[in-house]
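[1] Next come a sequence and a model predicted from it.
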Amino acid sequence: MEDYARKKGLTAKIYKAGKDFGYLKKYGAVMKSTLIINETKKYQTLSEEIIKKAIDEAV
């Protein structure tokens, strides 16, 4: 997913709830995995199709 976003010229990261904590200051606590694109759009329902669609929309 991160490679796909990079090919499109975007920065994307999936934060895993209970595992990653770098997002807390900026986005607050989350209860499930979250995708944030270009630090502006947040997606919490994730699948490969949803992730690729979100990346394509951001381009």
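    Structure received.

[2] what about stretch 37-54, start to end distance?
    The straight-line separation of the ends of stretch 37-54 (CA to CA, to the nearest Å) is 8 Å.

[3] residues in contact with it?
    With contact meaning CB atoms under 8 Å, 6 or more residues apart in numbering, stretch 37-54 is reached by 1, 4-5, 10-12, 14, 26-27, 30, 32-36, 55, 58. (Glycine included, C-beta is placed from N, CA and C.)

[4] ok, now with 6 Å
    Stretch 37-54 is contacted by residues 1, 10-12, 32-36, 58 when judged by CB atoms under 6 Å, 6 or more residues apart in numbering.

[5] which of those are buried?
    Using 16 or more other CB atoms under 10 Å as the burial test, the contacts of stretch 37-54 include 10, 12, 33-36, 58 as buried.

[6] Helices along the protein, start to end?
    Taking DSSP state H, the helices of the chain run over residues 2-7, 24-27, 48-58.

[7] The residue positioned nearest the centre of the chain: what's it in contact with?
    Closest residue to the average C-alpha location of the chain: Leu35 at 1.9 Å, with CA atoms, centre = their mean. When contacts are counted by CB under 6 Å, 6+ apart, Leu35 touches 14, 43, 46.

[8] nearest spatial neighbour of Lys26, skipping sequence neighbours?
    Glu39 (7.4 Å; CB to CB, 6 or more residues apart in numbering).

[9] List the contacts of the one helix or strand in the chain whose mean pLDDT sits lowest.
    Least confident helix or strand of the chain, by mean pLDDT, DSSP states H and E, is strand 12-15 with a mean of 73. Strand 12-15 has contacts (CB under 6 Å, 6+ apart) with 2, 5, 23, 33-35, 37.
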